[in-house]
Structures are given as C-alpha cells and as structure tokens.
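Engineer: model the structure of this input:
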Amino acid sequence: MMNERTLILLRHAKSDWSVRQADVDRPLGKHGLRQAHRAGRWLARMFEGIDLAVVSPATRARSTWEIASGELDNRPSVRIDDGMYAASGTRLLAVVAELPDDVDTVVMVGHNPGFEDLITLLAGESASMPTSAFAVIGLTGPWSSAGHSPAKLRTSGRPPAA
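Structural biologist: Alright, predicted model coming up:
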C-alpha cells in the first residue's frame, strides 16, 4: 500500500493595499510580514520535511514563501507555477495531479477562493482560508489520482502566535 501523501495549502499573508498597483504585484503589508514568519515557524514545528513548494507568481505569495521557508531547517525546491494565480479549484486540482511521483509532502502557496474550492474538491469538506491560513490534506494514492482517490482534511486554521 502506498504511503499517504501530504498536501499543505498555505494562503499568502496579508498584502499591502496602500499603494495602487496591479493585483499580481501587490506586496505584503507589515502584518503580513509577521504572518509569514509565524507560518514558517509553524511549518518547521509540524513537518519533518517538505519535498516541494509550488508557489503562485504573485509578489505576495512569493514573498510569503520566501519568508516562511527561511524558518525551515531544509528548504525544499521551489516551482513558481503561473497557473496558480487567480486559479479556480479545478485548475488547482490539475496542478496537484501533475505533481511528481517522487515527492510525498508538498506545500502550495496561493490564493482564495481557489484554495477553499480545492479543499472541497479533494476532501469533500469546507475550510475557511483567510490570509496566512493553512489546510493540511492527506491523500492516498499517486498525485495523478487527486480528486479521484480518498483524501482527508487533517487540520486547518491559522498558525498560532507563539
């Protein structure tokens, strides 16, 4: 029997709306910088290792991952995936199904409402994904069977402040 795979969804931290700019270029705000560090500390405590990070090209998502991954002992390889920006749950499901077979624990850093839709598509449950929230989903079988094989929402929420 195949080991359960772990998919960690991490929504980008709070962005800065004080400057008018294209949505994809919006940076993190001060609160978002703190959230990103907190998310990284939580990831470091909860996961022995992460094999791959798949990150939206949006500045706020890339910055969230850059800061969060700085808290990890071993940074995983990173793939910036243009298809994750403003993606639907169905598009994100395709990203999951295309993950390489040699990785077991993957973090995706991206956006809503796509992440909330993806959780429902995979696990048949709903979870709220405000900025800097996470959802951890266990999947049985190869990544390519995502959406067609059993998946369970293990936990979701925001990383604690401590």
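Engineer: so which residues of this structure form helices?
Structural biologist: Taking DSSP state H as the criterion, the chain contains helices spanning 30-46, 59-69, 89-97, 114-123.
Engineer: what are the buried residues along the shortest one?
Structural biologist: Put plainly, it is helix 89-97. Neighbour-count burial for helix 89-97 flags 89, 92-93, 95-96 (criterion: 16 or more other Cβ atoms under 10 Å). To be clear about C-beta, it is placed using only N, CA and C from the backbone, and glycine gets the same treatment.
Engineer: next: stretch 74-86.
Structural biologist: Neighbour-count burial for stretch 74-86 [16+ other Cβ under 10 Å]: 76, 78, 80-81, 84-85.
Engineer: please apply the same query to stretch 96-104.
Structural biologist: Neighbour-count burial for stretch 96-104, counted by 16+ other Cβ under 10 Å, picks out 96, 99, 103-104.
Engineer: got those as CSV, with distance to Leu153 and pLDDT columns?
Structural biologist: Below are the buried residues of stretch 96-104 laid out as CSV (distance: Cβ to Cβ, whole Å; pLDDT from 0 to 100):
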residue, distance to Leu153, pLDDT
Val96, 14, 98
Leu99, 18, 97
Val103, 20, 97
Asp104, 18, 96
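Engineer: between those, which is nearest Phe115?
Structural biologist: Closest to Phe115 out of the buried residues of stretch 96-104 is Val96 (11.5 Å), distances taken as Cβ to Cβ.
Engineer: which residue is the nearest non-sequential neighbour of that closest one?
Structural biologist: Distances taken as Cβ to Cβ, 6 or more residues apart in numbering place Ala146 nearest to Val96, at 4.3 Å, with adjacent residues excluded.
Engineer: the one you found: neighbour count?
Structural biologist: 24 (other Cβ atoms under 10 Å).
Engineer: turn the helices of the chain into a markdown table, including distance to Arg11.
Structural biologist: Converted to a markdown table, these look like this (distance: least, Cβ to Cβ, whole Å):
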| stretch | distance to Arg11 |
| --- | --- |
| helix 30-46 | 9 |
| helix 59-69 | 8 |
| helix 89-97 | 12 |
| helix 114-123 | 6 |
